[in-house]
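>>> Give me a 3D structure for the following:
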Amino acid sequence: MTFPARFPFAPALAVLLLVSSLQAQDPAALVEGETARAADAYLTRLEALGFAGAALIVEDGRTVLRKGYGLADREAEVPITAASVFSLGSITKQFTAAAILALEARGLLSVDDPIADYFSDVPADKEAVTLHHLLTHSSGLASDFAQTDFDPVGRERDAYVRRALDSELLFAPGSGYEYSNAGYSMLAAIVEIETGKSYEEALRELVLDPAGMDETGYRTPQWDRARVAVGYRDGERWGTIVERMEEPGAPFWQLRGNGGLHTTLADMEDWDRALETDAVLPAAERSAMFTPHVPEDPDSISFYGYGWAIEETPRHGTLVWHNGGNGIYLAELHRWIDESLTVFVVTTDPALPATPVAATLEAIAFGEPYDMPPELVEVDPAALARAAGEWRLPSGEILTVTAHEDRLAVSARGPEGTALLFPLSERAREIAPDLEARTRAIMEGLFRGDYGPLAEAFGGVPIAEVRAQEEELMADRHARLGMPTGFEIVGLVPMPAGPGILARIDFTRGAAWNTYVWGPNGLQGVRPAPGAPSSEYRPVGETAFESFRLRGAPGPRLELRNAGSDTAILVIHTPDGSIEADRQ
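Next comes the predicted model:
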């Protein structure tokens, strides 16, 4: 329920020049045509802000962009190339679905088969569950039956299946929708049972080899480890999923069939082409895969097919897509059927994730507006240091500016400064009052010792669990900061996982901060932090600094005037005019 604080890494410009030089020599890279050149210019600018990932664009069946950006291994300064290896996350599900459909095309099973045809001692409440239900997340099974993707609880196939069969259904089969990783692991088990081979062996025979995907899999491709892109979070090395699958028998059943496949850009090109031909699946099975079988929620325009989500969009027709990630890696695969456009983006750091990048590349391809990252310049660290310190706004609120090697971090303590640094979209302004009221109710409850509102916001998490986590957090804060004296709801700030409501908790010896991250179904998490969130500013001139966000509007442009003198002022340029802040 908690998220770590965000301090994203960004390589210095000197390193980026080296990386760009090496990537320019990448024989597998391709940038061809107007769309690709514009996309490459955007991604190159983004790379200077710390973006690490790769992108593939296919227009009208022709690949126009295939290129890597940023560092695959920051410590070794190894660049990401077009041949780097990435995790697909839950995009794996469409390959499991394809394996099931390939078996159906061979007459070896039917998606209408009940799971009792493959598993023994199926409880009465699950006798009606079919392969179709598993494929469309309409079986009623919960998503997971272990704490992590690498939990040893899923070592043995039969034990994992038994755990799923013995679980309580969330609804009667076929009467609802609940995204279920476990359902796809059960499909992988059926692939093994029907073929008599391991899932990866069967997948290679049924799907990957016919598609020409030699470098996709869990372990079989045996990639050179230097090609596997390393994941990072908050500037720290997380490692790779491949490293976590070294134990014999891995990946275990918590992951197998529902996530964790690795691939390359070239293999994803092959997959895109295969989906247009009979190479893997005949037309009838491909049609079934892309049929919108089950709505993802009652009011949704998105339906789930077999391993794909399907939407009818108002401007560009049918979109079939899926994404996948683990909080570190994120991959987005979008196929715009009526526009003959495929976009695949994968990233290795949640600070600059694939989802908004894919949306921007699509805007470029469709000729729609998009925000270009600023063009950075390298300045003397002394120029950054001159901007550091505390700056008083006309209202009396304080902005705190901290200088780092290649950027500034700017934070605010109160609502006015926070609103300046994190301007809201029209949609965010609409939802902010409700989310602020819900967060205030949680805070008021916590201050009177009532954990019920927090537990309810989390969707009914046991109060004892919420209390234990809150008491542990507050015990540490009491020891450092003294007793709490009050709180203030500071405002809405954009977060990678969704809108966050920032709350400052005041203590007798200082303050601490919580960001309550909300999603469509309630509270997703709480991010405690010792200080206010900061907005990163990069130099675009000797005394000028700009921020950039993939989601939401960028912060105001900052300009330092009379730098180094007693009359220095920080000018904050907003769309509504300029504000001058004096040095505190």
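
>>> And the contacts of the longest helix belonging to the chain?
When the chain is parsed with DSSP state H, its longest helix is helix 426-447. The contact list for helix 426-447 (Cβ atoms under 8 Å, 6 or more residues apart in numbering) reads 424, 451-454, 457, 470, 484, 487, 489, 491-492, 494, 499, 501, 503, 505, 516, 518, 523, 552. For glycine as for every other residue, the C-beta is placed from the backbone atoms N, C-alpha and C.

>>> Dump it to CSV, keeping only the CA atoms.
Below are the C-alpha coordinates for helix 426-447, written out as CSV (Å, rounded to 0.1, in the frame of the first residue of the first chain):
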residue,chain,number,x,y,z
GLU,A,426,-9.0,20.7,-16.8
ARG,A,427,-9.8,17.1,-15.8
ALA,A,428,-7.6,17.2,-12.8
ARG,A,429,-9.3,20.4,-11.6
GLU,A,430,-12.6,18.7,-11.9
ILE,A,431,-11.7,15.7,-9.8
ALA,A,432,-9.5,17.5,-7.2
PRO,A,433,-12.3,18.7,-4.9
ASP,A,434,-13.7,15.2,-4.4
LEU,A,435,-10.3,13.6,-4.0
GLU,A,436,-9.3,16.3,-1.5
ALA,A,437,-12.5,15.8,0.5
ARG,A,438,-11.9,12.0,0.6
THR,A,439,-8.3,12.5,1.7
ARG,A,440,-9.3,15.0,4.3
ALA,A,441,-11.8,12.4,5.7
ILE,A,442,-9.0,9.9,6.0
MET,A,443,-6.7,12.3,7.7
GLU,A,444,-9.4,13.4,10.2
GLY,A,445,-10.0,9.8,11.0
LEU,A,446,-6.3,9.1,11.6
PHE,A,447,-6.0,12.1,13.9
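
>>> I'd like the next helix or strand past it.
helix 452-457 (DSSP states H and E).

>>> At the geometric centre of the chain, which residue do we find?
residue 330 (4.8 Å; Cα atoms, centre = their mean).

>>> from what I can see that residue touches residue 344, true?
No: using Cβ atoms under 8 Å, residue 330 makes no contact with residue 344, being 11.8 Å away.

>>> All the helices of the stretch 351-500 of the chain, residue numbers only.
Along the stretch 351-500 of the chain, counting by DSSP state H, counting those that start in this stretch, helices occupy 354-366, 381-385, 415-421, 426-447, 452-457, 463-481.

>>> Name the SS class of residue 271, please.
The assignment at residue 271 comes out as helix when based on DSSP: H, G, I helix; E, B strand; the rest coil.

>>> for it, what are its contacts?
211, 213, 216, 263.

>>> quick one: buried residues of the lengthiest strand in the chain?
Secondary structure assigned by DSSP state E gives strand 484-495 as the longest strand of the chain. Buried residues in strand 484-495, defined by neighbour count with 16 or more other Cβ atoms under 10 Å: 484, 487, 488, 489, 490, 491, 492, 493, 494, 495.

>>> Farthest pair within the residues you listed?
484 and 494 (27.0 Å; Cβ to Cβ).

>>> Low-confidence ranges, the stretch 401-550 of the chain, go.
496 (pLDDT under 70).

>>> Same check on the chain?
Short version for the chain, where the test is pLDDT under 70: 1-24, 146-154, 496.

>>> mind running it again at 50?
Along the chain, the parts satisfying pLDDT under 50 run over 1-11.

>>> Where do the domain boundaries of it fall?
Following the assignment in automatic domain parsing, the chain carries domains at 87-310+329-366, 381-420+535-583, 423-532.

>>> Out of the ones you listed, which is the most enclosed?
Among those, domain 87-310+329-366 has the highest mean neighbour count (mean count of other Cβ atoms under 10 Å), at a mean of 20.

>>> got the end-to-end distance for it?
27 Å (Cα to Cα, to the nearest Å).

>>> how near is residue 565 to residue 143?
59 Å (Cβ to Cβ, to the nearest Å).

>>> returning to what we had before: mind putting the contacts of residue 271 into TSV with secondary structure and distance to residue 381?
Converted to TSV, these look like this (DSSP: H, G, I helix; E, B strand; the rest coil; distance: Cβ to Cβ, whole Å):
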residue	secondary structure	distance to residue 381
211	helix	50
213	coil	47
216	coil	44
263	strand	40
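
>>> Using TSV, lay out the residues you listed together with distance to residue 103.
Shown next, in TSV, are those (distance: Cβ to Cβ, whole Å):
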residue	distance to residue 103
211	16
213	18
216	19
263	22
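
>>> Now flag whichever of these is closest to residue 401.
Nearest to residue 401 among the contacts of residue 271, with distances taken as Cβ to Cβ, is residue 263, at 42.6 Å.

>>> From residue 167, how far out is the closest one?
31 Å.

>>> contacting residues around the residue nearest to residue 356 when sequence neighbours are not counted?
Sequence neighbours aside, residue 550 is the residue nearest to residue 356 in space, at 3.9 Å (criterion: Cβ to Cβ, 6 or more residues apart in numbering). By Cβ under 8 Å, 6+ apart, residue 550 lies in contact with 352, 353, 356, 357, 360.
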